[in-house]
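Undergrad: Predicted model and sequence follow; I will ask about them next.
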Amino acid sequence: MIINWEFVKQRTLWSYEDLIKKLQQTLRYDFVQQYYNHTMEEAIDYVDEIHTGYLQHRGHRTWLDGLITNFTWLQRAGVENYLDLVEQVDSRESCEHFLKESGFGFPELIETLHYLLRWVLPFPTPLREFFDTADPTQMAYFQALKAQGLTTNLDLLEHGRRAAQRAVLTQGTGIPSTFLLRLIHQSDLARLAYVRGKTVRHLCGGGYDTLDKLATADLQEMEAAMNAYYCSLDKRPQDFKAVVQLGPLIGGARHLPRIVEE
C-alpha cells in the first residue's frame, strides 16, 4: 500500500503525527470522553446535527454524505468510538495496518479525523485570550490559574465545570467565585467550532455571555444587540458581520452538550 503522507498536511495544515497528537490531547479530558466520544452510530446522527446547527442546512451535501459513509464503514469495521479510532491509527505503522485490515481509504480516514478536530471536538483556546492583559488584577488571576497547570479553556472546564470544583479553585487561587464562573462560561463558549477568545469577548460584550443565552437567542434580536455593541466601540457592524456569523453560532450552541453546572 502506497500512502501519500503529504496529503495530510495539504488537507489539514499539520503532519500526520501532529494531527494525531492534537486529537489525543483533546480526547484525554474526562469531560470530552463523557460528552463527545460518540459511537459510530452517534457519529452518523451528529453529522446531521452539524448540518442543521452550524451549517444552517447549507453546505456541501456530498461532503456530509461522505462523512456518513465513512462512519458507517468504520462501524462495520468494529470501531467503537472516536477514541478507539484514534488509538488504532496513532502512528504511521498502525495506520497502515488499520487501512489494510479494514479496507478503509487513506483520504477518507484523514477527512474523518480532520472533521473530528475542526467540527466535533472542542478546540483548546489559551486562557490568556479571555483576560484583560492591561489589568494587573486579572493578570494575577491568570498567573494563579497557570500555577495550577490550567492554561486552556479545556483545562479550566475539566477542573471547574462543577460548583464543587470551582469552590476548590477559588480556595486554591484566591480568584473570586463570580469572576471564575464568568471565565468558565467564556471557556464554555469557546467550545463552539472555529470560535476563539476574540469572538467570545464580542459575544459577551453584546450580552450573550453564556452558552444557554446564545442557544436561546432570537437571531433578529441578537443582531440588534450586537450592532449596538459594535457601535459602542465606534466600529462598523458590517465589519464584524463579515467575520462573525450569528446564525451558525446560535445553531451550533443549540447542539453542543451542556457540561457546566451552576
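TA: Here it is on my side, so go on. Note that the coordinates shown come from a computational prediction; the quantities given were computed from them, not determined experimentally.
Undergrad: Stretch 254-262 spans what distance, first to last residue?
TA: Stretch 254-262 has an end-to-end distance of 18 Å (CA to CA, to the nearest Å).
Undergrad: list the buried ones in it?
TA: Across stretch 254-262, burial judged by 16 or more other CB atoms under 10 Å covers 254, 256, 259-260. (C-beta placed from N, C-alpha, C; glycine too.)
Undergrad: Check which helices and strands the helix or strand of the chain with the lowest mean pLDDT sits against.
TA: One helix or strand of the chain scores below all others by mean pLDDT, DSSP states H and E: helix 237-241, with a mean of 79. Judged by 3 or more CB pairs under 8 Å, 6 or more residues apart in numbering; DSSP states H and E, helix 237-241 is in contact with helix 219-232.
Undergrad: so for the helix it packs on, what's the average pLDDT?
TA: Averaged over helix 219-232, pLDDT sits at 94.
Undergrad: same thing with stretch 31-51?
TA: 97.
Undergrad: swap in stretch 158-171?
TA: On average, stretch 158-171 scores 98.
Undergrad: And the contacts of that stretch?
TA: If you take CB atoms under 8 Å, 6 or more residues apart in numbering as the criterion, stretch 158-171 is touched by 29-31, 145, 148, 150, 175-177, 180-181, 184, 188, 259-262.
Undergrad: Now it - C-alpha only, CSV.
TA: What follows is stretch 158-171, C-alpha atoms only, in CSV (Å, rounded to 0.1, in the frame of the first residue of the first chain):
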residue,chain,number,x,y,z
GLU,A,158,-12.1,19.9,33.2
HIS,A,159,-11.4,21.3,36.7
GLY,A,160,-14.1,23.9,37.1
ARG,A,161,-17.3,22.9,35.3
ARG,A,162,-18.9,21.8,38.5
ALA,A,163,-19.7,24.0,41.5
ALA,A,164,-17.7,21.9,43.9
GLN,A,165,-14.6,22.1,41.6
ARG,A,166,-14.9,25.9,41.4
ALA,A,167,-15.1,26.1,45.2
VAL,A,168,-11.7,24.2,45.4
LEU,A,169,-10.3,26.5,42.7
THR,A,170,-11.4,29.7,44.5
GLN,A,171,-9.8,28.5,47.7
